[in-house]
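Trainee: Quick one: sequence and predicted model below, then my questions.
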Amino acid sequence: MDAREAFRVAFGRAPEGLWSAPGRVNLIGEHTDYNGGLALPIALPQRTYAAASPRADRRLRVVSVQADGLVEVSLDEVGPGRVEGWAAYVAGVPWALERAGFPVPGLDLAIDGRVPLGAGLSSSAALECAVAAAYSDLCVFDLLSTDSGRAQLVSVCRRAENDIAGAPTGGMDQSASLLCRADHALLLDCRDGHTEQVPVDLAAAGLALLVIDTRAHHELVDGQYGARRATCERAAAILGVETLREVADLPAALARLDEDGMRRRVRHVVTEIGRVNDVVVALRAGEYGRVGAIFTASHTSLRDDYEVSCPELDTAVEAAAGAGALGARMTGGGFGGSAIALVPADILPATAEAVRTAFAQQGFREPNCFEVAASAGAGRDE
Ligand code: ADP
Ligand code: MG
């Protein structure tokens, strides 16, 4: 069942329109966002679809192909801690739009999410951004036609996720889902929100990007994320800088820190920001071998210095490298989720097979491997 059909089944009529927004995968720049650093996501071909019609009242009625039942709330009942479960990602959007000065009506809404849920590929932002795109068109806010309008929607969707869904994430996911363009990566400067489009044409170079969703979720995620963040903030305070982005002389900074763990965290963040810049230069020069080598260096840094990898992610990266990938790395927060591998297009199926075999040998769950290309941001489909 797709979103249109789900709408018909739930509400007994055709929707007024269909909108969609993509998931994302970060090429490089991990755990840099909360340090004022750089990230480089692409939008995925996998998208979340929202079929919608406006209502004359303030009720929000929503169904999802990926969830049971119809959720109904009044927009006046939405607030921090007041909407439970997946519908919070939806209800947060009109709530945040109103707080940004855009009054909105209720909506009948059917969702179909084709981004794997909880795989670190940002199905949550895809959901928020698809709903925001629907509101922008249905209410004629016209926020999708300009970069500045889309940037406003980024803040709205981020607020929906932070305040109503209660997930303390940076803005990378929403920026990617709304601002990415086909055949481009989005260079995102988390210090000032500046963005830049970086052309990525892997197919022309005979290459492909493989996503390996390990389907592993280790319980550590939330606590360890908070702990890493806190360590970075303490290090910045000791070094007298606002964020680790400001560290210009790494050896000098490391010499001023006497905790070994903290030194390694700082070394990851500072070198990772450098690697984002290096990948952008290499992409622009078409030096894909170098891009791959930097991916692998990023994984090593995340595994050994930042300590956010896990056996499944390490196995995925090692198996891909062994099969002939130019480079591979975990992507996203870590402790599960997905890895990416940059591979010659002709060995993509063999690489996926090698990863599956390595997982089977380790007794891990079968991973979900698929090819992705840099795709377009949120928009109207019908
Ligand atoms: P990720 O964003 O990496 O996929 P998150 O934990 O941030 O992982 O978000 C996943 C959550 O988003 C799901 O548990 C669910 O609550 C919600 N969600 C995303 N897509 C859908 C969908 N199509 N239908 C219902 N809920 C969804
Ligand atoms: Mg998410």
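Mentor: That came through, no problem. Residues are numbered from 1 along each chain as shown. Ligands and ions are numbered 1, 2, ... in the order given.

Trainee: Please count neighbours and contacts with C-alpha atoms only from this point.
Mentor: Fine.

Trainee: Can you show me the helices along the stretch 251-382 of the chain?
Mentor: 260-284, 288-300, 311-322, 348-362 (DSSP state H, counting those that start in this stretch).

Trainee: Met172 is nearest to which of those helices?
Mentor: Across the helices of the stretch 251-382 of the chain, Met172 has its closest neighbour in helix 260-284 (14.2 Å, Cα to Cα).

Trainee: Give the other helices and strands that the closest one contacts.
Mentor: Helix 260-284 sits against strand 38-39, strand 195-199, helix 221-239, helix 250-255, helix 288-300, with contacts defined as 3 or more Cα pairs under 8 Å, 6 or more residues apart in numbering; DSSP states H and E.

Trainee: who does the second one pair up with?
Mentor: Strand pairing for strand 195-199, using DSSP bridges, gives strand 184-189 (antiparallel).

Trainee: tell me the average confidence for the strand it pairs with?
Mentor: Mean per-residue pLDDT for strand 184-189: 98.

Trainee: which residues touch it?
Mentor: 36-43, 172, 176, 179-180, 194-201, 374-375 (Cα atoms under 8 Å, 6 or more residues apart in numbering).

Trainee: residues in contact with Pro15?
Mentor: Arg4, Phe7, Arg8, Ala51, Ala52, Ser53.

Trainee: wait, the last one sits on Arg13?
Mentor: The one in question is Ser53. No - using Cα atoms under 8 Å, Ser53 makes no contact with Arg13, being 9.8 Å away.

Trainee: just how off-centre is the worst-scoring helix or strand of the chain on mean pLDDT within its chain?
Mentor: Lowest by mean pLDDT, DSSP states H and E among the helices and strands of the chain is helix 221-239, with a mean of 92. Relative to the mean C-alpha coordinate of its chain, helix 221-239 is positioned 21 Å out (Cα atoms, centre = their mean, to the nearest Å).

Trainee: how much does that helix deviate in direction from helix 260-284?
Mentor: 100 degrees (axes from the mean of the first three to the mean of the last three Cα atoms, to 10 degrees).

Trainee: Which elements pack onto helix 221-239?
Mentor: helix 260-284.

Trainee: if you set the cut-off to 10 Å instead, what comes out?
Mentor: Under the contact criterion of 3 or more Cα pairs under 10 Å, 6 or more residues apart in numbering; DSSP states H and E, helix 221-239 touches helix 250-255, helix 260-284.

Trainee: so which of those helices is the most packed in?
Mentor: Among those, helix 260-284 has the highest mean neighbour count (mean count of other Cα atoms under 10 Å), at a mean of 20.

Trainee: related to what we said a few turns ago, what's the closest of the helices and strands packed on helix 221-239 to ligand 1?
Mentor: With Cα to the nearest ligand atom as the measure, helix 260-284 is the member of the helices and strands packed on helix 221-239 nearest ligand 1 (21.2 Å).

Trainee: surely His218 meets Leu313?
Mentor: No - under the criterion of Cα atoms under 10 Å, His218 makes no contact with Leu313, lying 11.3 Å away.

Trainee: neighbour-wise, which of the two wins?
Mentor: More crowded of His218 and Leu313, by other Cα atoms under 10 Å: Leu313, with 28 against 12.

Trainee: any idea how far the more buried one lies from ligand 2?
Mentor: Separation of Leu313 from ligand 2 (Cα to the ion, to the nearest Å): 18 Å.

Trainee: go on, Ala253?
Mentor: Taken as Cα to the ion, the span from Ala253 to ligand 2 is 33 Å.

Trainee: what's the answer for Ser301, then?
Mentor: 23 Å.

Trainee: Kindly report the same for Glu246.
Mentor: 28 Å.

Trainee: rewinding a little: most surrounded residue in the contacts of Pro15?
Mentor: Going by other Cα under 10 Å, Ala51 tops the contacts of Pro15 with 29 neighbours.

Trainee: follow-up on the earlier one: among the contacts of Pro15, which one lies nearest to Ile294?
Mentor: Using Cα to Cα, Ala51 comes nearest to Ile294 of those, at 40.6 Å.

Trainee: And the pLDDT for Leu220?
Mentor: At Leu220, the model reports a pLDDT of 67.

Trainee: Many thanks, have a good one.
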